[in-house]
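[1] Below is the structure, and that's it, no one-letter string:
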């Protein structure tokens, strides 16, 4: 699941889950200039090397 938020001229996207598919989506969005926030319950699923500019939130 993802939610889009407009921030100034850019877009900010929140993605729930940081599994392989959602990390791939996050990389694609980052490459296109979006700001990305990943929301993940299990921080072990997060691999920052692949998406270093994404933010992570763990509830």
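    Cool, got the structure. From a predicted model like this one, the values you see are computed outputs, not experimental measurements.

[2] Residue 24 should be in a helix, yeah?
    Yes: according to DSSP: H, G, I helix; E, B strand; the rest coil, the state of residue 24 is that of a helix.

[3] Could you give the number of residues near it?
    Neighbour count for residue 24, taken as other CB atoms under 10 Å: 12. C-beta: built from backbone N, CA, C; applies to glycine.

[4] Equivalent analysis for the one 5 residues further on, please.
    In terms of burial, residue 29 registers 20 neighbours under the definition other CB under 10 Å.

[5] Please tell me the pLDDT value assigned to it.
    At residue 29, the model reports a pLDDT of 91.

[6] ok, now residue 16?
    In the prediction, the pLDDT value recorded for residue 16 is 91.

[7] please renumber so the chain begins at 54
    All right, first residue 54 from here; so that's residue 69.

[8] okay, now it: neighbour count?
    Using other CB under 10 Å, residue 69 has 14 neighbouring residues.

[9] hang on, it packs against residue 90?
    No: when contacts are counted by CB atoms under 8 Å, residue 69 is not listed as touching residue 90 (9.8 Å).

[10] pLDDT-wise, which helix or strand of this protein ranks last?
    For the chain, counting by mean pLDDT, DSSP states H and E, strand 55-60 ranks last in confidence among helices and strands (a mean of 56).

[11] Can you name the next helix or strand after it?
    With elements assigned by DSSP states H and E, the helix or strand that comes after strand 55-60 is strand 63-69.

[12] Now do that following strand: which elements does it pack against?
    Taking 3 or more CB pairs under 8 Å, 6 or more residues apart in numbering; DSSP states H and E as the contact definition, the neighbouring helices and strands of strand 63-69 are strand 55-60, helix 73-84, strand 88-92.
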